[in-house]
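In: mind looking at a prediction? Sequence and model below.
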2 protein chains.
Amino acid sequence: MDDVGQKDEPEQSGFSARAARIQDVAKLADVSTATVSRALATPERVSPEARARVLEAIAKTGYVPNPAARTLRSQKTYMVLVVLPDLANTFFSKILRGIEETLFEAGYGMIISDLDGSPEKEAHFAAFTAAGRVDGAILLNGHLFGQSRDGEGSPARLSIPLVALCEAIPNADIPQIEIDNRAAASRMTQHLAALGHKRIAYVSGPAGNILERERFQGYMGGLESAGLPFDPALVIPGDYTIEAGVRAGQSLVGRTTRPTAVFCTSDEMAIGLMRTVFSAGLKVPDDISVAGFDDIEFAAVAEPSLTTIHQPRRELGQAAASALIDLLQGRPSPKRIRLETDLVIRDSVVPLR
Amino acid sequence: MDDVGQKDEPEQSGFSARAARIQDVAKLADVSTATVSRALATPERVSPEARARVLEAIAKTGYVPNPAARTLRSQKTYMVLVVLPDLANTFFSKILRGIEETLFEAGYGMIISDLDGSPEKEAHFAAFTAAGRVDGAILLNGHLFGQSRDGEGSPARLSIPLVALCEAIPNADIPQIEIDNRAAASRMTQHLAALGHKRIAYVSGPAGNILERERFQGYMGGLESAGLPFDPALVIPGDYTIEAGVRAGQSLVGRTTRPTAVFCTSDEMAIGLMRTVFSAGLKVPDDISVAGFDDIEFAAVAEPSLTTIHQPRRELGQAAASALIDLLQGRPSPKRIRLETDLVIRDSVVPLR
């Protein structure tokens, strides 16, 4: 091990220079040595409180349990990989919270991989996973390692449990935790139509994304239910980012026949789009109604506050982590869990005058 | 290893059921077996392109390099722990991007730990680190494991390199990467004063936080430079979150003698505070000027767009990762790096009329 950085300084740590033993840890944590062993080998069998005391004592004493020996013995790492398409999107923050708190309660740590559209990073984490460095993985990226979003290509050969979260993975025989994106998008479209809007624009997610496919079908279905025709000129490409919303706004404000309402399929796009609308001297909602999707923290405090679809993000994360823990501990797990969304009515959408 | 989840299906993967060997990986990646070994044992000595091919081939073939044996041999994990105080804060997204891209280029993966104010989680990750599960750590939480923010208590005995980022750690002999928080806060305060504002409120960060201490000193210094008296009634407690901004706004709008400008020490608080100001029927900036700190993505698209201090977040992440890589590879690292900030003038601050 490298010791170029922080030095062990006995006068700081309060421990002598001899290597710490398991007895030192047990004494400091006020537990038996068997509990120390158990906290390391099968943490789910030790209470969170005792585990925290043991872990703190391990760190204080500098006791090194020899991870390699431990791995050879238990074949478990008690770490879970969470694969994100884009860590920079605020949408994921509460989901990660939900995942982490549930994993932690069961004795597992969380490793985050942010793919950021990079095949190199994906290969890196696929190998990391294949090499047994984690016990399981939660995939929010819509495909298995080695496959495209459409399920083409050979998936990486992983013998660990996997769970798909938010972005369903077609044909993968793993638990899938999601919302009903189609129903939610249909509901918002019908809400706008019921307020009298007939020209309802749609700002999309990334092409090929399953969330986008489902939400677009919901938009189409919502128009149909409301008896409104579909106009392809009202579909504006986006990718869920603030910048995409700014660009979508630019394509809208210059039109001679503007839509009277815009359904953005993420709150970040809705907030970016409103910025462009304001900069063009138009008002939201007086000149144009704007709706979002997700209900991120910024939706409620935006000006005007954003009418949107509330996703139970923390609960989604908790449900995915619970499903994975079931598999890790040899219990059956439900194959598909769909959590409820809500239509949140705020100030950015008004009836057509 | 657990195989409850995804099954290996030879008809899908295109490989036979026998265990993959290093030769299979080398053939598929079109490199020598020596390159495969090197990509695993000393990834920094292999080009990113070749490494990606090898990693992809490992995942495709299902080759298991035996991580335990590898760890015993090389004593390296090629993983770095990043410790955050609050993953939910949008401020960290671009910092993590900067860290991850720099680590990845050097062959290291990133593990994120979100402390969320939990001593249990901190103990967990301290033990994880002490057990040699990572090669180094980047600390954004303002203290060493086992210590308070004031440097009290015994630090955990870690023999791996550490780097402090954003929140400096007093008395720790490790590289510290930061901005000059005091100078930036003083600059914003003087900017507000130069526009004629005399009652400038200050919404603080969490008590005891070193960023808060430095920014508060900057606010005090800025007032003094401008010849303005300090009024403790104008200091409103916060914690950098949207909710704290909403609460700070509530304490302001009801006052008979309101400040004419508010300096919020995070953009999230500024956006939350503006929400409360609008809800009370007041206008920003007409009735009250509002300034932020950080320049998160939402600052430029807020309504009104937010005057703030720009932090070079991506570069901060890159600099911290570079400093850590220097230490990991046995090179000297600078002890303190301070990156420049900018005053970004937008629409939420105007001269006092």
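Out: On my side now, so go ahead. Numbering: from 1, shown residues only, chains lettered A, B, ... in the order given.
In: ok, the residue minimising distance to the centre of chain A - contacts?
Out: By CA atoms, centre = their mean, the mean C-alpha position of chain A lies nearest to A:Phe92, the distance being 4.0 Å. Applying CB atoms under 8 Å, 6 or more residues apart in numbering or on different chains to A:Phe92 gives the contacts A:Leu84, A:Asp86, A:Leu140. In this view, the C-beta of every residue, glycine as well, is placed from N, C-alpha and C.
In: packing partners for whatever helix or strand A:Lys60 lives in?
Out: Secondary structure from DSSP states H and E places A:Lys60 in helix A:48-61. Counting by 3 or more CB pairs under 8 Å, 6 or more residues apart in numbering or on different chains; DSSP states H and E, the packing neighbours recorded for helix A:48-61 are helix A:22-29, helix A:33-41, helix B:119-130.
In: tell me which of those is the most buried.
Out: helix B:119-130 (a mean of 22; mean count of other CB atoms under 10 Å in any protein chain shown).
In: contacts for that one, please.
Out: A:48-49, A:51-56, A:58-59, A:62-64, A:104, A:109, B:81, B:83, B:113-115, B:134, B:137, B:145-146, B:156-158, B:160.
In: which residues in the stretch 201-350 of chain A form helices?
Out: Here the stretch 201-350 of chain A has its helices, by DSSP state H, counting those that start in this stretch, at A:210-225, A:242-253, A:267-279, A:297-301, A:313-328.
In: same list, these, but as TSV with distance to B:Val277 and mean pLDDT please.
Out: Below are those laid out as TSV (distance: least, CB to CB, whole Å; pLDDT from 0 to 100):
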stretch	distance to B:Val277	mean pLDDT
helix A:210-225	34	97
helix A:242-253	23	96
helix A:267-279	17	97
helix A:297-301	11	97
helix A:313-328	27	97
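In: can you say which of the ones you listed is packed in most?
Out: Highest mean neighbour count of the helices of the stretch 201-350 of chain A: helix A:267-279, a mean of 26 (counted as mean count of other CB under 10 Å).
In: distance between it and the chain's centre?
Out: Distance, stretch centre to chain centre, for helix A:267-279: 23 Å (CA atoms, centre = their mean, to the nearest Å).
In: let me know whether it sits next to chain B.
Out: Yes: applying CB under 8 Å from any CB of the partner chain, one finds that helix A:267-279 is in contact with chain B at A:Ile271, A:Gly272, A:Met274, A:Arg275, A:Phe278.
In: how about that helix as CSV, C-alpha atoms only?
Out: This file holds the C-alpha atoms of helix A:267-279, laid out as CSV (Å, rounded to 0.1, in the frame of the first residue of the first chain):
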residue,chain,number,x,y,z
ASP,A,267,-38.3,20.0,-15.5
GLU,A,268,-34.8,21.0,-16.4
MET,A,269,-35.9,21.5,-20.0
ALA,A,270,-39.0,23.4,-18.8
ILE,A,271,-36.9,25.8,-16.7
GLY,A,272,-34.5,26.3,-19.6
LEU,A,273,-37.3,26.9,-22.1
MET,A,274,-39.0,29.5,-19.8
ARG,A,275,-35.7,31.4,-19.7
THR,A,276,-35.8,31.7,-23.5
VAL,A,277,-39.4,32.7,-23.5
PHE,A,278,-38.8,35.5,-21.0
SER,A,279,-35.7,36.7,-22.9
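In: about what we covered before: and the helices and strands packed on helix A:48-61, which one's lowest on average pLDDT?
Out: Comparing mean pLDDT over the helices and strands packed on helix A:48-61, the weakest stretch is helix B:119-130, at a mean of 74.
In: and the angle for that helix with helix A:22-29?
Out: 160 degrees (axes from the mean of the first three to the mean of the last three CA atoms, to 10 degrees).
In: average pLDDT for the helix or strand following helix B:119-130?
Out: Counting by DSSP H and E, the element after helix B:119-130 in chain order, helix or strand, is strand B:136-139. Taken as a whole, strand B:136-139 has a mean pLDDT of 95.
In: hmm, who's touching strand B:136-139?
Out: Taking CB under 8 Å, 6+ apart as the rule, strand B:136-139 contacts A:2, A:5, B:80-83, B:99, B:129, B:158, B:160-165, B:167, B:169, B:320-321, B:324, B:327-328.
In: can you say which of those residues are buried?
Out: A:5, B:80-83, B:99, B:129, B:158, B:160-165, B:167, B:169, B:320-321, B:324, B:327-328 (16 or more other CB atoms under 10 Å in any protein chain shown).
In: for A:Arg187, give its distance to A:Gly292.
Out: A:Arg187 is 13 Å from A:Gly292, where distance means CB to CB, to the nearest Å.
In: residues of the stretch 251-353 of chain A that sit close to chain B?
Out: Within the stretch 251-353 of chain A, the positions adjacent to chain B are A:271-272, A:274-275, A:278, A:297-298, A:300-303, A:305, A:327-328, A:330 by CB under 8 Å from any CB.
In: nearest to B:Cys264, of the residues you listed?
Out: A:Val301 (12.6 Å; CB to CB).
In: between the residues of helix A:267-279 next to chain B, which sits nearest A:Arg314?
Out: Using CB to CB, the residues of helix A:267-279 next to chain B come closest to A:Arg314 at A:Ile271, 21.1 Å.
In: if we can go back for a sec, so which of the helices and strands packed on helix A:48-61 gets nearest A:Asp347?
Out: That would be, of the helices and strands packed on helix A:48-61 and by CB to CB, helix B:119-130, which comes in at 37.8 Å.
In: stretch A:145-153 vs chain B: in contact?
Out: Yes: Stretch A:145-153 is in contact with chain B by CB under 8 Å from any CB, via A:Phe145, A:Gly146.
In: could you give the average pLDDT over that stretch?
Out: For stretch A:145-153, the per-residue pLDDT averages 72.
In: next: stretch A:84-92.
Out: Stretch A:84-92 comes out at a mean pLDDT of 86.
In: including neighbour count and distance to B:Pro334, could the contacts of A:Phe92 go into CSV?
Out: Below are those laid out as CSV (neighbours: other CB atoms under 10 Å in any protein chain shown; distance: CB to CB, whole Å):
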residue, neighbour count, distance to B:Pro334
A:Leu84, 22, 32
A:Asp86, 19, 32
A:Leu140, 24, 37
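In: which one of those is nearest to chain B?
Out: A:Asp86 (9.1 Å; CB to the nearest CB).
In: the closest one reaches A:Ser113, doesn't it?
Out: No: counting by CB atoms under 8 Å, A:Ser113 is not a contact partner of A:Asp86; they are 11.6 Å apart.
In: tell me which of the contacts of strand B:136-139 fall in strands.
Out: Counting by DSSP state E, the part of those found in strands is B:Val80, B:Leu81, B:Val82, B:Val83, B:Leu162, B:Val163, B:Ala164, B:Leu165.
In: which of the residues you listed come close to chain A?
Out: B:Leu162, B:Val163.
In: list just the nearest of the ones in strands among the contacts of strand B:136-139 to chain A.
Out: Of those, the one sitting nearest to chain A (CB to the nearest CB) turns out to be B:Leu162, at 5.1 Å.
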